[in-house]
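Participant: sequence-free structure coming up:
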C-alpha cells in the first residue's frame with residue numbers, strides 16, 4: 001500500500017521533467033508489482049506446489065533488494081524536492097512521496113529482518129523442536 005502511494009503521488013506530478021523521479025517511479029512500480037505477486041503466491045499457497053524453491057531465502061533476498069533500492073529511491077526523491085517549484089502542489093506531492101518512500105523503506109527493512117530470522121530459523125524453541133508425538 002505504501003509503495004502504491006509513492007507511485008500515485010509521483011505520477012500525479014510532472015515527474016517526466018526530472019530524471020530523478022523516473023527512478024523513484026521505476027522502483028515503486030517494480031516492487032509494488034513484485035510484492036503483489038508474492039502476496040498472491042502466499043495467498044494461493046503456491047509455495048507448497050513449488051516446494052523445490054527455497055521460499056524463505058527468496059523472500060529474504062527480495063526484501064533486502066527492495067530495502068536497498070528503496071533507500072536509493074528515498075534519497076533521490078528527498079533530494080529532488082524543491083520548495084521553489086513553479087507549481088506548489090507538485091512540491092506538496094513530492095514531499096509526501098518522499099515521506100511515504102521512507103516509510104516503505106523502513107517497512108521493507110523490517111520485513112528483511114523478519115525474513116532473515118525465518119530463513120536462519122532464529123526464534124524457534126529448541127525444546128519444542130525436539131518433541132515428538134508418540135501417542
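Facilitator: Right, received. Where do you want to start? If you're wondering where the values come from, they're calculated on a predicted model, not measured in any experiment.
Participant: could you use CA atoms for every contact and neighbour count after this?
Facilitator: Fine.
Participant: tell me how many other residues crowd the closest residue to residue 103 other than its chain neighbours.
Facilitator: Of all residues not flanking residue 103 in the chain, residue 2 sits nearest, at 7.2 Å (Cα to Cα, 6 or more residues apart in numbering). Counted with other Cα atoms under 10 Å, the neighbours of residue 2 add up to 18.
Participant: let me see the contact set for residue 2.
Facilitator: 100, 101, 103, 104 (Cα atoms under 8 Å, 6 or more residues apart in numbering).
Participant: for the last one, which non-adjacent residue is closest in space?
Facilitator: The reference is to residue 104. residue 2 (5.6 Å).
Participant: ok, the second one next?
Facilitator: Distances taken as Cα to Cα, 6+ apart place residue 74 nearest to residue 101, at 5.2 Å, with adjacent residues excluded.
Participant: mind checking which helix or strand the one you found is in?
Facilitator: Using DSSP states H and E, residue 74 sits within helix 55-80.
Participant: list the helices and strands the helix or strand following that helix packs on?
Facilitator: Going down the chain from helix 55-80, the next helix or strand is helix 88-120, by DSSP H and E. In terms of contacts (3 or more Cα pairs under 8 Å, 6 or more residues apart in numbering; DSSP states H and E), helix 88-120 is packed against helix 2-11, helix 55-80.
Participant: and those helices: which comes nearest residue 31?
Facilitator: helix 55-80 (6.7 Å; Cα to Cα).
Participant: return the distance of that closest one from the chain's centre.
Facilitator: Taking Cα atoms, centre = their mean, to the nearest Å, the mean C-alpha location of helix 55-80 is offset from the chain mean by 6 Å.
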